[in-house]
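Participant: Following is a predicted model, sequence given first.
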Amino acid sequence: MLPRVSVVIPMYRAATWIEATLHSVVRQSYPPELIEIIAVDDASPDDSAAVAGKFLAQYPHESRVVQQATNGGLPATRNAGFRMAAGEWIQFLDQDDLLAPHKLELQATSAASAAADVAVVYSNWQYLLLEDGQWQGSGAIKAPYVDDDPLLQILEEFDFGTVGPTLIRRSFLDRVGGFELKPNLGEDTDLMLRMARAGGLFREARSEQVTFLFRQLPGSLAQAYGKNQAAMRSLLDTFRAVEAFWRQQSVGATLSKRQQQALAKRYCRFADAYREHDPPTYALLERWLGELPLAHPPTSTE
């Protein structure tokens, strides 16, 4: 039997984008009776909730628009959404991103035959960019692969980690407690890594066509977090937790060469930003790198 999928859409000042995002959900090839839509408005000062409610009223899908009384931030809004969902699988969809028409059918069909320890079904994705006055898919289609060793491969694959291109089993979200509430430049990646540490498996649902479009906007949340020292430090803590997990699992707390390289790659990714904006954290980062006995540590890549 095909599973029920709950699409959770956090909203904040979403009136400009939400109709296009919802349209990408209601045009899915997956049966409408198996799709639940939950839009959670995070105390927006605009009419996001009214726009979403008016749009959804035209369609037969089970849906609701929930308005939070106070602004809680993106992680808390996502958590509120999935905790009121009835679906076995959760599609997190940010207010300005888009699903390709076959996305839910492709992944839910794969999920239907997945073993109980499969936490995430994922597919390819592409950036949605404004070019010549039109929003369109642009650049290479990203098709990361993490099935064989998710915890290691997620660290190695910079193109994997955002929740939009995935379906996530609700029981695994419950198991790890959903999204961490503290600011984190990599909050999606943090969730994926915690599910992998909890024993969750990851399965690719391969597609010839792109399944998910990630809209690149100026002043995005990730860009704002990039200027937030606490969020940047939490990003490092995410990867340090993986290192601690690996050391606890190994004989003599040793790491394989591949694990060392993957950790160093992540630690170094924003090294220049730490050095410029947060010297104490940069010094800590240097110490952590020194604990990885690499002959040639990677340098900052961004």
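Facilitator: Yep, it's here. Values in this document were obtained by computation on a predicted structure and should not be read as measured data.
Participant: which element is the closest residue to L155 other than its chain neighbours on?
Facilitator: Excluding its sequence neighbours, the residue lying closest to L155 (C-beta to C-beta, 6 or more residues apart in numbering) is A262, at 3.9 Å. (Each C-beta comes from the backbone N, C-alpha and C, glycine too.) Element membership of A262 [criterion: DSSP states H and E] is helix 257-268.
Participant: which helices and strands does that helix pack with?
Facilitator: helix 150-156, helix 229-249, helix 279-290 (3 or more C-beta pairs under 8 Å, 6 or more residues apart in numbering; DSSP states H and E).
Participant: can you list those in TSV and add mean neighbour count and distance to A196?
Facilitator: Output for these, formatted as TSV (neighbours: other C-beta atoms under 10 Å; distance: least, C-beta to C-beta, whole Å):
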stretch	mean neighbour count	distance to A196
helix 150-156	21	4
helix 229-249	17	9
helix 279-290	14	20
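Participant: any weak-confidence spans in the stretch 101-250 of the chain?
Facilitator: Counting by pLDDT under 70, the ranges of the stretch 101-250 of the chain that qualify are 219-226.
Participant: mind listing the helices for it?
Facilitator: Counting by DSSP state H, counting those that start in this stretch, the stretch 101-250 of the chain has these helices, from start to end: 103-112, 150-156, 170-176, 187-197, 221-225, 229-249.
Participant: outside of the third one, which residues touch it?
Facilitator: By C-beta atoms under 8 Å, 6 or more residues apart in numbering, the surrounding residues in contact with helix 170-176 are 6, 82, 85, 87-90, 119-120, 191, 194-195, 198, 200.
Participant: Pull out the buried residues from those.
Facilitator: Among the contacts of helix 170-176, those scoring as buried are 6, 82, 85, 87-90, 119-120, 191, 194-195, 200 (criterion: 16 or more other C-beta atoms under 10 Å).
Participant: Pipe the residues you listed into CSV and attach distance to T254 per row.
Facilitator: Below are the buried ones among the contacts of helix 170-176 laid out as CSV (distance: C-beta to C-beta, whole Å):
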residue, distance to T254
S6, 42
F82, 37
A85, 41
G87, 42
E88, 39
W89, 37
I90, 37
A119, 27
V120, 28
L191, 28
R194, 23
M195, 25
G200, 25
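Participant: Show me what the single longest strand found in the chain is packed up against.
Facilitator: Looking across the chain with DSSP state E, the single longest strand is strand 134-142. Applying 3+ C-beta pairs under 8 Å, 6+ apart, we find strand 134-142 packed against strand 125-131.
Participant: Show residues contacting stretch 4-12.
Facilitator: With C-beta under 8 Å, 6+ apart, stretch 4-12 has contacts from 18, 21-22, 25, 30, 34-44, 48-49, 52, 71, 74, 77-78, 81-82, 85-95, 104, 108, 167, 170.
Participant: Could you tell me which of these belong to strands?
Facilitator: I35, E36, I37, I38, A39, V40, D41, W89, I90, Q91, F92, L167.
Participant: What subset of the residues you listed is buried?
Facilitator: For these, a neighbour count by 16+ other C-beta under 10 Å gives the buried set as I35, E36, I37, I38, A39, V40, D41, W89, I90, Q91, F92, L167.
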